[in-house]
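# coords please:
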Amino acid sequence: MLGRTLLRWGMAAAALAGLVLSPGCLAPSRMPPEKAFALSASALSGRDGYSYAGEWAAFGADGAALGGASYRGLVSGHRPIVLQWDGPGGAGGGQGHHPLALAEAAQLQASEIAYAPPPSRDTVAFRIAVRPEAARRAIAEPLRRQMEEARRSLNARIDPSRENDRNPRAKAFRALGRSEAELEERLASLEASTVFTWIADKRTWFPKELREETELRYEADGKERRERRTSVTIFRKGGSGDTMGS
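As a prediction, the model looks like this:
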């Protein structure tokens with residue numbers, strides 16, 4: 001059920017008390033990056049509806065691709081209402097990683113926020129480092145949820161009291177148990193680091209793009225393993241489904 005790598009296993013806004021600013025009235029370079037980023041975070045979470053699209057990919061230490069998927073979604077009434085996945089890495093809801101959870105992590109789990117070189121003159125960019133333990137949880141918790149869902153699915157289809165060696169479905173329980181043990185062994189040594197690049201419109205503060213770089217290190221079979229996950233999410237104003245396709 002599981003591959004040999006972890007990455008194959010299967011919006012809250014910051015309040016700005018007492019700060020009243022019109023979009024673009026203060027040059028970002030003259031504002032502390034934490035306050036400027038809070039404006040952009042508020043521009044996203046305060047918007048009733050918007051669409052987003054992107055992709056994620058995972059790589060081994062040698063650069064070999066481990067998986068990936070593209071996605072597109074819609075938020076309306078401040079609620080995610082549509083999320084579509086495409087590609088093998090979209091199974092299990094993108095291995096349990098919701099794209100909007102990345103934006104939430106950037107807002108709620110930052111250990112350091114700094115300005116980054118913007119890609120164009122009409123944008124402002126931020127480099128956001130996530131707290132290590134939060135980065136670790138963001139990897140471990142979705143993987144554990146996937147295993148729990150797999151066990152619930154088996155329980156719904158198989159009566160454990162009728163297990164025997166000749167029952168092929170019973171063998172699935174034993175295989176799942178081994179997979180759970182292997183996963184926990186890897187997670188016990190897991191270290192993770194995540195850095196986001198958040199790019200926003202300099203005038204409106206609404207985010208244009210969120211880039212993720214996550215590095216993993218863990219032990220498996222007595223050896224150190226390294227993996228890398230990247231993602232890019234593009235945000236667009238409006239709650240219409242014009243980017244969702246038919």
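
# Which helix runs longest in the chain?
helix 132-157 (DSSP state H).

# Which strands or helices does that helix pack on?
helix 91-95, helix 99-108, helix 168-188, strand 191-201, strand 207-220 (3 or more CB pairs under 8 Å, 6 or more residues apart in numbering; DSSP states H and E). Every C-beta, even on glycine, is put in place using the N, C-alpha and C of the backbone.

# Doesn't H97 belong to a helix?
No: assessed by DSSP: H, G, I helix; E, B strand; the rest coil, H97 does not belong to a helix; its assignment is coil.

# Look up the closest residue to it, ignoring the ones flanking it.
For H97, ignoring the flanking residues on the chain, the nearest one in space by CB to CB, 6 or more residues apart in numbering is P142 at 5.6 Å.

# Out of the helices and strands packed on helix 132-157, the one nearest S40 is which?
With CB to CB as the measure, strand 191-201 is the member of the helices and strands packed on helix 132-157 nearest S40 (4.1 Å).

# Adjacent strands (with direction) for that closest one?
Each strand pairing with strand 191-201, determined using DSSP bridges, is listed with its direction: strand 123-130 (antiparallel), strand 207-220 (antiparallel).

# on that earlier part again, please verify my assumption that the residue nearest to H97 contacts L102.
No: P142 lies out of contact with L102 (CB atoms under 8 Å); the separation is 11.8 Å.

# Show me which of the two is the more surrounded one.
Set P142 next to L102 and count neighbours by other CB atoms under 10 Å: L102 wins out with 23 against 19.

# list the contacts for the residue nearest to that one when sequence neighbours are not counted?
Excluding its sequence neighbours, the residue lying closest to L102 (CB to CB, 6+ apart) is E212, at 5.6 Å. Taking CB atoms under 8 Å, 6 or more residues apart in numbering as the definition of contact, the neighbours of E212 are 56, 102, 194-196, 229-232.

# Any of these buried? List them.
Among the contacts of E212, those scoring as buried are 56, 102, 194-196, 229, 231 (criterion: 16 or more other CB atoms under 10 Å).

# Need the winner for burial among the strands paired with strand 191-201.
Burial among those, expressed as mean neighbours by mean count of other CB atoms under 10 Å, is greatest for strand 123-130, which shows a mean of 21.

# Name the spans of this structure whose pLDDT lies under the cut-off.
Applying pLDDT under 70 to the chain flags residues 1-29, 89-96, 156-169, 239-246.

# So which residue is dead centre in it?
Nearest to the centroid of the C-alpha atoms of the chain, with distances taken as CA atoms, centre = their mean, sits L102, at 4.2 Å.
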